[in-house]
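Trainee: I need the structure of the sequence given here:
(2 chains)
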Amino acid sequence: MRRIINYTPSTGVRTVLGVLPFVVVILVYLVASGERMALDPNDKLMPGFAAFASAITRLATTLDIATKQYLLWWDTWLSLWRLFVGLGIAAALGLVLGILIGFIPYLRGMFEPFMAAFSLIPPLAVLPILFILFGLGEVSKIVLIVFGVAPFIIRDVMLRVASIPREQIIKAQTLGASTWQMISGVLLPQVLPRLIDSVRLSLGAAWLYVIAAEAITAEGGLGYRIFLVRRYLAMDVILPYVAWITLLAFVMDWALRRLNAFAFPWDRIREG
Amino acid sequence: MTTIVFEDVWKEYDERIVLERVNLSLADHEFLVIIGPSGVGKTTLLRMLLSQEQPSRGRILIDGEPIAPEPTADRGVVFQRYSVFPHLTVLANVMRGPQWVASPFLGRLFGARRRALEAEAMALLERVGLAEHAAKYPQQLSGGMQQRLALAQALIMKPKVLLLDEPFGALDPGTRKSMHELVRDLWEEHRMTIVMVTHDLAEAFLLGTRVIAVDRPRKDPQAPERFGATIASDFEAKCRIVRESRRFEAARAEARLQLVSSN
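Mentor: Residues are numbered from 1 along each chain as shown, chains lettered A, B, ... in the order given. Predicted structure coming up:
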């Protein structure tokens, strides 16, 4: 008997093992749902896959009377727009402030303690302030995402700047580089892959803020729809929406990872 | 012509004295090697020459002028590790310095000037034996090759002084031997001053024309931090007159060969 950590699955076994939990979860749901349907054919809590399909088809293909939109696509568009604008602003802020604060000692002395304190403010606790300041429209939702995600990205970029060996910075100076040239030619290219990684890690938090803001007030959006139909116990809409949000988040994560590997091949080469 | 002078240089961190009373005068085209036990302040000495650190007393002069308070292009450096840029290819690493100097905003050259620089960089890479690796990234090279690249990257700036901080410390013996030959040949070809820190005594006397040992001559067992290290001994490893005459002989032999072959 070897120790359990010394047994490694082959590629085929690994694939089967990876798929297994998904299959188990779906099977458990199907069985439980079947049991409940047998007792009450109009059960609302655990509808079958046929109910999901008809609800999603209805939302994706019929024009809603009130908004004159196809609701599924309209909700997806609104949520993604908020998410992208919010994350984009947060990433840009994180890159610029993170590099400046991380690299220039006077700025670091001034803003590092402030950033450490600022990043501990719970964003959802200031959401009412944002609603009061920016109204109930799009601005307050986007500010919420920026407020929630930017401090993390700024601090991550600062850490990355600090982890670049001092030798490289000295060497750059002996090659005649100015501060601007070191920022653009040494720091920026080495920080960008880390920035993309930290945006990937922020995706979950960004979705949280989008859905939280939409739950409170919006005229559309994936989170808005879920919280709206909650009143009718419409699990046939909520569950597919949750799956759809998960899929969107997964695709975004995957796309960012591919972008990183494609744009920064040197970052994936490790010293052998 | 490059001369380096240390005038009564001290380095103190708060209460702790690291270096004291360092006086040194270095003539042109010397290969100075600094040896000494670890933690004694060899690297501090080199860092002060690089302006990475400032002396707390005294001053350092290059060609009679006090050195700039920050690292500048007249002093090149090769560290033990991390002295090349991981996000640039080998060729781009060598071309980096001249492009920074020539183009303040973009840091890039275009057209004929870029092609001229590329040819110069390729010639240097050829010289250090990396020409066929020009398109690779530094992480794909071995330790010795990375150090060759760092040398080429520093040399393209034509520094007055080249500073080497234990450049061969992480290399295996075979690689180290070929690096010794390369560094000595480059030193002859570029006629610059080299200051190298090492803890390998054999290496010091093999390469250096002058070897200084840094150590603490005074010790107080109750307060070891009260006395710093200084230059404990100073060897002329290869007499200037011997070097000069050897170079003269070599030049004469070459001239004679040319005469013979042209006849």
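Trainee: for the record, mean pLDDT for whichever helix in chain A runs longest?
Mentor: Secondary structure assigned by DSSP state H gives helix A:71-103 as the longest helix of chain A. This predicted structure assigns helix A:71-103 an average pLDDT of 93.
Trainee: do stretch A:50-63 as well
Mentor: Model confidence over stretch A:50-63, given as mean pLDDT, is 86.
Trainee: quick one: it to chain centroid distance?
Mentor: On the basis of Cα atoms, centre = their mean, to the nearest Å, the separation between the geometric centre of stretch A:50-63 and that of its chain is 26 Å.
Trainee: Same question for stretch B:221-238.
Mentor: The chain centroid and the centroid of stretch B:221-238 are separated by 22 Å, computed with Cα atoms, centre = their mean.
Trainee: repeat for stretch A:32-44
Mentor: In terms of Cα atoms, centre = their mean, the gap separating the centre of stretch A:32-44 from the centre of its chain is 35 Å.
Trainee: Run through who's touching that stretch.
Mentor: Contacts with stretch A:32-44, where a contact means Cβ atoms under 8 Å, 6 or more residues apart in numbering or on different chains, come from A:45, A:46, A:47, A:48, A:233, A:234, A:235, A:236. For the C-beta atoms, the positions are set from N, CA and C on the backbone; glycine is no exception.
Trainee: Which members of the residues you listed occur in strands, if any?
Mentor: Within these, no residue falls in strands by DSSP state E.
Trainee: Those: which two are farthest apart?
Mentor: When the contacts of stretch A:32-44 are compared pair by pair using Cβ to Cβ, the two farthest from each other are A:48 and A:233, 15.4 Å apart.
Trainee: what about those two, which has more around it?
Mentor: residue A:48 (15 against 10; other Cβ atoms under 10 Å in any protein chain shown).
Trainee: Give me the nearest residue to the more buried one, chain neighbours excluded.
Mentor: Beyond its immediate neighbours in the sequence, the residue positioned closest to residue A:48 (Cβ to Cβ, 6 or more residues apart in numbering or on different chains) is residue A:33, lying 5.4 Å away.
Trainee: after the host helix or strand of residue B:206, next one along is what?
Mentor: With elements delineated by DSSP states H and E, residue B:206 resides in helix B:201-207, which encompasses its position. The element immediately downstream of helix B:201-207 (helix or strand, assigned by DSSP H and E) is strand B:210-215.
Trainee: How is the residue of the stretch 151-263 of chain B found nearest chain A assigned, secondary-structure-wise?
Mentor: Of the stretch 151-263 of chain B, the residue with the smallest distance to chain A, taken as Cβ to the nearest Cβ, is residue B:157 at 6.0 Å. Residue B:157 falls in the coil class when you classify it by DSSP: H, G, I helix; E, B strand; the rest coil.
Trainee: and the residue nearest to residue A:48, what helix or strand is that in?
Mentor: Going by DSSP H and E, residue A:33 is part of helix A:11-39.
Trainee: does any bit of stretch B:127-135 sit next to chain A?
Mentor: No. Under the criterion of Cβ under 8 Å from any Cβ of the partner chain, stretch B:127-135 makes no contact with chain A; the nearest approach is 11.7 Å.
Trainee: Flag every residue of chain A that's near chain B.
Mentor: Near chain B, when you scan chain A using Cβ under 8 Å from any Cβ, you find A:165, A:167-168, A:170-178, A:180-181, A:184-186, A:189-190, A:264-267, A:269-271.
Trainee: Tell me which of the residues you listed fall in strands.
Mentor: Within the residues of chain A next to chain B, no residue falls in strands by DSSP E.
Trainee: Just the residues you listed: which are in helices?
Mentor: Judged by DSSP H, those include A:167-168, A:170-174, A:180-181, A:189-190, A:265-267 as members of helices.
Trainee: Quick one, which of the residues you listed are buried?
Mentor: Burial by neighbour count, 16 or more other Cβ atoms under 10 Å in any protein chain shown: within these this picks out A:167, A:168, A:170, A:171, A:172, A:173, A:174, A:181, A:189, A:190, A:266, A:267.
Trainee: ok, which pair from those residues is furthest apart?
Mentor: A:174 and A:267 (24.8 Å).
Trainee: nearest residue to the residue in the stretch 151-272 of chain A that chain B sits nearest to other than its sequence neighbours?
Mentor: Residue nearest to chain B within the stretch 151-272 of chain A: residue A:175 (3.3 Å; Cβ to the nearest Cβ). Beyond its immediate neighbours in the sequence, the residue positioned closest to residue A:175 (Cβ to Cβ, 6+ apart) is residue B:97, lying 3.3 Å away.
Trainee: Who are the contact partners of the one you found?
Mentor: When contacts are counted by Cβ under 8 Å, 6+ apart, residue B:97 is found next to A:175, A:176, A:177, B:73, B:153, B:156, B:157.
Trainee: go again using 6 Å as the cut-off
Mentor: Contact analysis of residue B:97 by Cβ atoms under 6 Å, 6 or more residues apart in numbering or on different chains lists A:175, A:176, B:156, B:157.
Trainee: most remote residue from chain A's center?
Mentor: residue A:1 (43.2 Å; Cα atoms, centre = their mean).
Trainee: Whichever strand or helix holds residue B:91: which residues count as buried?
Mentor: Assigned by DSSP H and E, residue B:91 falls within helix B:90-102. Taking 16+ other Cβ under 10 Å as the basis for neighbour counts, the residues of helix B:90-102 that come out buried are B:90, B:91, B:92, B:93, B:94, B:95, B:96, B:97, B:98, B:99, B:100, B:101.
Trainee: elements contacting the worst-scoring helix or strand of chain B on mean pLDDT?
Mentor: Sorted by mean pLDDT, DSSP states H and E, the helices and strands of chain B end with helix B:240-262, the least confident at a mean of 78. On a contact count with 3 or more Cβ pairs under 6 Å, 6 or more residues apart in numbering or on different chains; DSSP states H and E, helix B:240-262 meets no helix or strand.
Trainee: tell me which residues of the helix holding residue A:33 are tucked away?
Mentor: A:33, A:36.
Trainee: Kindly report the same for stretch B:233-242.
Mentor: B:237, B:238.
Trainee: End to end on that stretch, go ahead and measure it.
Mentor: End-to-end span of stretch B:233-242 (Cα to Cα, to the nearest Å): 22 Å.
Trainee: Can you name the residues that contact residue 209?
Mentor: With no chain named, the answer covers chain A. A:144, A:145, A:148.
Trainee: My question was about chain B, not that one.
Mentor: By Cβ under 6 Å, 6+ apart, the contact list for residue B:209 reads B:30, B:31, B:237, B:238.
Trainee: what residue is smack in the middle of chain A?
Mentor: Note on chain A: the residue nearest the mean C-alpha position is residue A:203, at 1.1 Å, using Cα atoms, centre = their mean.
Trainee: where exactly do the helices run in chain B?
Mentor: Counting by DSSP H, chain B has helices at residues B:42-50, B:90-102, B:111-127, B:143-155, B:173-190, B:201-207, B:240-262.
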